[in-house]
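> Fold the following for me, if possible:
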Amino acid sequence: MDRLETRELVYFAEIAKELHFSRAAENLGITQPVLSRAIARLERRMGVRLLNRTSRRVELTDAGCTFRDECRHLLRGLDIAVRRTQRAADTPRLVVAVRPGTGSGLLSQVLRRYAGPAPELVFTHDRAQAVRDGIADAALVCVDSENVAGLRGVEVGEELPMALLPREHWLADRAALSVGDLVDESGYRAHCPEVGIDEIMDRVALGRLITVVGSAVADRLPTDVVAVPVADLQPTTLAFCWLPGSRNRDLLELTEQLASGGLLGRTTMMA
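Now for the predicted structure:
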C-alpha cells in the first residue's frame, strides 16, 4: 500500500469527530460526495472497514476508533514538527493559542502594550498543550478546566457562558437559557468548531450552528446573531500562560509587563 496522504488523515479525523458527513464536509470546506468518496477510497487502500454507515447514522468500527486515535496523534505531531522548525528558523512572530469563540476585547487588553507585529492566532480546545508542544508561544487558558501544570501565567479576567443563536431563533428572546434548552436544537455543538470567531458568527447567522462561547464575544456580534446567558454553566477564569524558559523576546517583554501588574487589577501568578 502506498503511503497515506496527510489530507486523508485530516478527512478521517474530521468525520470521526463529527460522525456526520454533511457537518464534516462543511467544516473541511468540501462537498459531502467528495468526502464520501475519499473515505471509501481510504478504506479500500487500507483494506479495513473504518465506519459503519446507514441512512441515519455513522459509527466507528473498532478499527476506526484505533485509526481515529492514530490520526490525531500523527496530525498533532505534524503541527509540532512545523512549529519547532519555525522556531529553529527564529521566526519572530508571536503565536497565541485561543479558544474557538474568543472575542477580541480581552485579547486586545492583554496585548495592548505589545509593540511587535500582530500575533498569529491558533484556535484550539487544548490551549495549554499547544504551548507545551511548541505550537504556540502563549495561550489564553481557562484555569478552571484546563491542566496548567508547568506553565506560568497571569489571571486576566472572567467570562460568562453565552449561547450564540440566530436572531430569529425561537429561544433568542429568552433572558437566560440552560444547556437542556439547547441540546435538542438543530445545529447545537457543545464545543465550537476550531475556526475563527468571524466564521463561527457566519455559521450561527445562517442557522447552521448553535454553541456556547465566552462573554468576550459581545464586541463582535453581528446584527443577525444574539448571545443569551447560559445560567447552569459556571463562569470561567482566564489566564495568559506561557512556558518558562521561552526565548521569544516579544513574549518575554509582554510577560514582564503583565507580571508587574496593572492588567485588569489581577496579577496572580500560577505555579
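> Do a quick rundown of the helices in the stretch 51-200 of the chain.
Taking DSSP state H, counting those that start in this stretch to define them, one finds helices in the stretch 51-200 of the chain at 62-88, 104-110, 127-132, 179-182, 197-205.
> what residues are up against the residue lying closest to I210 once chain neighbours are set aside?
In space, and not counting its chain neighbours, I210 is closest to Y188: 4.6 Å by Cβ to Cβ, 6 or more residues apart in numbering. (Glycine included, C-beta is placed from N, CA and C.) Y188 is in contact with L182, I210, T211, counting by Cβ atoms under 8 Å, 6 or more residues apart in numbering.
> one step back: just name the most buried of the helices of the stretch 51-200 of the chain.
helix 127-132 (a mean of 22; mean count of other Cβ atoms under 10 Å).
> For that one, which helices and strands make contact with it?
Where contact means 3 or more Cβ pairs under 8 Å, 6 or more residues apart in numbering; DSSP states H and E, helix 127-132 is packed against strand 95-98, strand 138-142, strand 236-242.
> Just give me the closest of the contacts of Y188 to Q234.
Using Cβ to Cβ, the shortest approach to Q234 within the contacts of Y188 belongs to L182, at 16.1 Å.
> out of everything not next to it in sequence, what's closest to the closest one?
Y188 (5.1 Å).
> cool, A138 as well?
Excluding the flanking residues, the one nearest A138 by Cβ to Cβ, 6+ apart is W242, at 4.3 Å.
> for E168, same thing?
Nearest one to E168, counting by Cβ to Cβ, 6+ apart, is D224 at 7.9 Å.
> Kindly report the same for R152.
Leaving out its chain neighbours, the residue that sits closest to R152 by Cβ to Cβ, 6+ apart is P244, at 5.4 Å.
> Likewise for P161?
L233 (4.0 Å).
> Enumerate every residue touching the one you found.
L233 makes contact with P161, V179, V212 under the criterion Cβ under 8 Å, 6+ apart.
> which among those gets closest to V122?
Top of the list for closeness to V122, among the contacts of L233 and by Cβ to Cβ, is V212 at 20.6 Å.
> ok, the closest one touching E159?
No - between V212 and E159 there is no contact under Cβ atoms under 8 Å: 10.7 Å.
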